[in-house]
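S.K.: here's a sequence, model it:
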Amino acid sequence: MFAHPLHTILFLDIETVSQYAAFEEVPDEWKELWKHKAGSLNRDKEPVPPEDIYGRAAIYAEFGKIVCISCGIISGNGPGKKMSLKSFYGDDEKTLLTQFSDLLRKWSSDHQKYLCAHNGKEFDFPYLCRRMIIQGLPIPSVLNLSGKKPWEVQHIDTMELWKFGEYKNFISLNLLAHALGIATPKDDIDGSQVGDVYWSQRDLPRIVTYCQKDVITVAQVYLRMNGDSQILPENIEIK
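M.R.: Residues are numbered from 1 along each chain as shown. Here you go, the predicted structure:
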C-alpha cells in the first residue's frame, strides 16, 4: 500500500557539470575560491593540486550548473500502468530551470503532490533550489522547504527509504537496483563521465538519455520497495 497515490509523485533526476570546461578557464577570483574549497576536500596524505580535482566542482551548486533535468509521472495501476518522461536540457541553465519550474507549478497546482529522487534530499532538491536562487528565479512551492514542518515536506528519497533509520548508510542507485533485482542499462555512461561527455564530446543527447534511464530506475525501485509490479518497457513514453 503506497503512502501517496502514484499519480501524485513526480520522479526526477538531474545531471550537473562544472561551470567551465577546465580549471584554466575559470576567472581568477573564482580560481581562488575553488582553491579554498579544494583545500577542504583534500584529505590525502599527499595534497592534490586544486586543478586536478576541478571535475568535482560539478557536485557543488556554487561551482557547477545543471545541464539536464528529467522527470516522469506514473499513470494507472497494476501491470498495465504507464510512465511518461520529459526532459529539460541545454547550455542555458536559466532557461531549463524556468521551464522546469513552470512544469512544477502547473503540475502541483491542485491537490498534494510529491517529488521523488534517489539521494534527492542531499543532492537533487537542494541543488535545484540553490541554482534557482543563483539564477534569480523563485523556488516552486513543491520544491521549497522554507516554513514547512517536517511532515509537510513533499519530498521522497529512495535512498532514505532504504536506510530504514540508519543514518550512516549510503547506497548508489545502481547498487540498490541490482540488490532488488531491477534491470539497469549496461551500455551507458556513469555519473563520473558526464562532465567529459558534456565538455569534451559535446554529446548532450547522450547525457539526457542517461538521465532519463535513472528516472525510470528510481521509479522502478520505489515500486519494488512498495511491493508493486514493475513498469513494462513498452509502457514508457518519452515526450
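
S.K.: how about the strands in the chain?
M.R.: 9-18, 64-75, 82-89, 114-117, 155-157, 236-238 (DSSP state E).

S.K.: parallel or antiparallel, list what pairs with the first one.
M.R.: I take that to be strand 9-18. Strand 9-18 pairs in its sheet with strand 64-75 (antiparallel), strand 114-117 (parallel), by DSSP bridges.

S.K.: pull out the buried positions in the helix-or-strand element of the chain with minimal mean pLDDT.
M.R.: Every helix and strand of the chain was ranked by mean pLDDT, DSSP states H and E. The lowest is helix 28-41, at a mean of 92. Going by neighbour count (16 or more other C-beta atoms under 10 Å), the buried part of helix 28-41 is 30-31, 34, 37-38. C-betas here are computed from N, CA, C, even on glycine.

S.K.: enumerate every residue touching residue 139.
M.R.: Neighbouring residues of residue 139 by C-beta atoms under 8 Å, 6 or more residues apart in numbering: 101, 129, 132-133, 146.

S.K.: now, of those, which are buried?
M.R.: 101, 129, 132.

S.K.: before we move on, back to that, just the contacts of residue 139: which are in helices?
M.R.: Residues of those located in helices (DSSP state H): 101, 129, 132-133.

S.K.: roughly how far does residue 236 sit from residue 115?
M.R.: Separation of residue 236 from residue 115 (C-beta to C-beta, to the nearest Å): 19 Å.

S.K.: the more surrounded of these two?
M.R.: More crowded of residue 236 and residue 115, by other C-beta atoms under 10 Å: residue 115, with 24 against 17.

S.K.: how close does that one sit to residue 200?
M.R.: Residue 115 sits at a distance of 32 Å from residue 200 (criterion: C-beta to C-beta).

S.K.: in the longest helix along the chain, which residues are buried?
M.R.: Counting residues, the longest helix found in the chain (DSSP H) is helix 204-225. Buried positions in helix 204-225, judged by neighbour count with 16+ other C-beta under 10 Å: 204, 206-224.

S.K.: next one: that helix to chain centre, how far?
M.R.: 10 Å (C-alpha atoms, centre = their mean, to the nearest Å).

S.K.: next one: stretch 65-85
M.R.: 13 Å.

S.K.: using PDB, write out every CA atom in that stretch.
M.R.: C-alpha atoms of stretch 65-85 as PDB (Å, rounded to 0.1, in the frame of the first residue of the first chain):
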ATOM      1  CA  LYS A  65      25.500  24.000 -13.200                       C
ATOM      2  CA  ILE A  66      22.600  21.800 -14.300                       C
ATOM      3  CA  VAL A  67      22.500  20.700 -17.900                       C
ATOM      4  CA  CYS A  68      19.600  18.200 -17.700                       C
ATOM      5  CA  ILE A  69      16.500  17.600 -15.600                       C
ATOM      6  CA  SER A  70      14.500  14.600 -16.400                       C
ATOM      7  CA  CYS A  71      11.200  13.700 -14.800                       C
ATOM      8  CA  GLY A  72       8.500  11.100 -15.000                       C
ATOM      9  CA  ILE A  73       4.900  10.500 -13.900                       C
ATOM     10  CA  ILE A  74       3.200   7.200 -13.500                       C
ATOM     11  CA  SER A  75      -0.500   6.700 -14.500                       C
ATOM     12  CA  GLY A  76      -2.700   3.700 -13.900                       C
ATOM     13  CA  ASN A  77      -2.200   0.800 -11.600                       C
ATOM     14  CA  GLY A  78      -1.200  -2.800 -11.800                       C
ATOM     15  CA  PRO A  79       0.800  -4.500 -14.600                       C
ATOM     16  CA  GLY A  80      -0.600  -2.100 -17.200                       C
ATOM     17  CA  LYS A  81       0.500   1.200 -15.500                       C
ATOM     18  CA  LYS A  82       2.400   3.600 -17.700                       C
ATOM     19  CA  MET A  83       5.100   6.200 -17.300                       C
ATOM     20  CA  SER A  84       5.600   9.400 -19.200                       C
ATOM     21  CA  LEU A  85       9.000  11.100 -19.300                       C
END
